[in-house]
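Take this sequence and fold it.
(chains A and B)
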Amino acid sequence: MSSAPLVAVIQFPGSNCEYETSSAVKNSGLDSVIYRWNQWRELKDSHPDAYILPGGFSFQDRVRAGAVAAKERIMDLVFSEAAAGKPLLGICNGAQILVESGLVPGWERGKIESALASNHISGRSGYLSRWIFLRIDSRAQRICPWLGKPDKGIIPLPVAHAEGRFVFAEKDRKRALTAAALLYCDENGNESSEYPVNPNGSFLNLAGIMNDSGNVLAMMPHPERAYWLWQLPPWTPGDWGDRRNQSISSGSFADEKGPGSFIFESLADYFRGER
Amino acid sequence: MKKVMEEISIIVRLKAPDPAAMTALSTFRRINPGECPDRLERYDYWCFIDPAEGRDTVSGIVSRYHDIVNPNKQTWSFAGDESLSAGSDEGMVWIDVLVTDKIDSVSENWTAILHRNRSEVESVRCSVLWRFGFSSGISFEDARKRVLDLTVSTYRDHGLLANPVSQKIDPPVPSRI
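Predicted coordinates for the structure are as follows:
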């Protein structure tokens, strides 16, 4: 049995990124097991050190993305573990589940205080799949166990969603700034509310939000799909594009880690006490 | 004098049972067994604002655009005209609630498409209509309260069908019988 910290990846009916996510965790030096949504007893008995809700279409996005999964019994356990301070990450559909569970922003326990609404882009509606750029909020980098690894610069990651627009009630819009964790920007780090820099019309250009203590992170982009450098498209600009091209020249293309690895390696650093 | 905009709405239903309604009902049975309706139905609801020739304009749009009503899998009727759901409704109390995204690309884009193609309509707004059916023994007022409780998602363990942060919930109304 591995002595590395255990990260539980929870698979709901319709999740479809659990294997890549679990693999990314293992490649970062952590242990990972995939638990189905109805294995709550096994999950509880295994005492995981952290939890990930992966991407996909839980319950086929019926009713509203993430809404049905948020009511599942296994989420009772996830909820109490997050409240106890264990790291919890939701990626894409996992982020939608966290929002619908009231785990982020989590200002009032269990209250649903934000939404991941349909993309709002002029001239098109529905599902959007493309590469975007991110920067990390400085406070989030300090307090969030998923974002602590230094020297990441501007991060290219893919998004693939129809409902990825973070929304807050009018009265909470100022407070939403405190939940900011990841922000859409261009390849030079400049924010814009315009498509394609902000791909879905998200409030404050938010790509990811966290709870007050920072242990719960909900992010729409998929870090597991950019874990390796070879997963980046050839046109990737900036530092990561340069790294990609250099790795091809040096013959290390297949083995070098990509921009998405920082999420999982940040968690590994956190467990090693390196931050 | 300002012209009053006419609104004509249609209800679009799947020919097969609606899977989202089935999932929502089974979720209610789990999280709110005491308040759960006996039946739950779900429809697409399209509201056409100020169609030039009234129902004729709307019928023309619906027959032209199969993205609004796909005749292979859906049927439609004007709101208010439709006969209630299949099966016996005798003694049941039916309540409708309409859920609409506060900001909605689908409605905006359909309005743009219809303008581009010279359809004579001011705008279009799409929503989801949920229809709750309760067995006899409940008043309309109690049924309405239950519908609101079940619809508006305020806490993880409370409500399901609409997130009020991003969606507008019209007050529940009795269905026409």
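
Would you state the strands of chain A in chain order?
Ranges of strands within chain A are A:6-11, A:31-36, A:50-53, A:88-91, A:114-117, A:128-136, A:155-161, A:165-168, A:180-185, A:206-210, A:216-219, based on DSSP state E.

With mean pLDDT and mean neighbour count added, can I get those in TSV?
To be clear about C-beta, it is placed using only N, CA and C from the backbone, and glycine gets the same treatment. Converted to TSV, these look like this (pLDDT from 0 to 100; neighbours: other CB atoms under 10 Å in any protein chain shown):
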stretch	mean pLDDT	mean neighbour count
strand A:6-11	98	25
strand A:31-36	98	18
strand A:50-53	98	28
strand A:88-91	98	29
strand A:114-117	98	28
strand A:128-136	96	19
strand A:155-161	97	22
strand A:165-168	97	25
strand A:180-185	97	24
strand A:206-210	98	30
strand A:216-219	98	30
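
so which of these gets nearest B:Lys145?
strand A:114-117 (23.9 Å; CB to CB).

is A:Ile136 in a bridge, and if so with what?
Beta-bridge pairing of A:Ile136 under DSSP bridges involves A:Leu182.

Just to check, it is in contact with A:Leu147?
Yes. Applying CB atoms under 8 Å as the test, A:Ile136 and A:Leu147 come out as touching, 5.4 Å apart.

Next, the contact list for the residue nearest the centre of chain B, please.
Taking CA atoms, centre = their mean, the centroid of chain B lies closest to B:Leu129, which sits 1.5 Å from it. Shown in contact with B:Leu129 (CB atoms under 8 Å, 6 or more residues apart in numbering or on different chains): B:11, B:42-45, B:96-99.

Outside of stretch B:158-168 itself, which residues are in contact with it?
Outside stretch B:158-168, the residues within contact range by CB under 8 Å, 6+ apart are A:63-64, A:67-68, A:71, A:100, A:112-115, A:117, A:165, A:167-169, B:24, B:27-28, B:31, B:97, B:99-103, B:128, B:130, B:149-154, B:169.

what are the C-alpha coordinates of it, in CSV please?
Coordinates of each C-alpha in stretch B:158-168 appear next as CSV, following Å, rounded to 0.1, in the frame of the first residue of the first chain:
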residue,chain,number,x,y,z
HIS,B,158,-33.3,22.6,-0.5
GLY,B,159,-34.8,23.0,-4.0
LEU,B,160,-33.6,21.8,-7.3
LEU,B,161,-35.0,23.1,-10.5
ALA,B,162,-33.7,26.7,-10.6
ASN,B,163,-30.7,28.6,-9.3
PRO,B,164,-32.0,32.0,-8.3
VAL,B,165,-28.6,33.6,-8.7
SER,B,166,-28.8,33.1,-12.5
GLN,B,167,-32.4,32.2,-13.2
LYS,B,168,-35.7,34.0,-12.9
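
Report the buried residues of it.
Residues B:158-167 are the ones in stretch B:158-168 that count as buried (16 or more other CB atoms under 10 Å in any protein chain shown).

which pair in the residues you listed spans the largest distance?
Maximum pairwise distance among these (CB to CB): 16.9 Å, between B:His158 and B:Ser166.

Around chain B, pick out the residues from the stretch 51-200 of chain A.
Residues of the stretch 51-200 of chain A lying close to chain B (CB under 8 Å from any CB of the partner chain) are A:59-60, A:62-64, A:67-68, A:70-71, A:75, A:79, A:100-102, A:110-115, A:117-126, A:165, A:167-169.

Nearest residue to A:Asn16 in space, please, no chain neighbours.
A:Gly56 (3.9 Å; CB to CB, 6 or more residues apart in numbering or on different chains).

bridging residues for that neighbour?
A:Ser15.

quick one: it from chain B, how far?
16 Å (CB to the nearest CB, to the nearest Å).

Among the buried residues of stretch B:158-168, which one sits closest to A:Ser192?
Among the buried residues of stretch B:158-168, and counting by CB to CB, the member closest to A:Ser192 is B:Ser166, at 22.0 Å.
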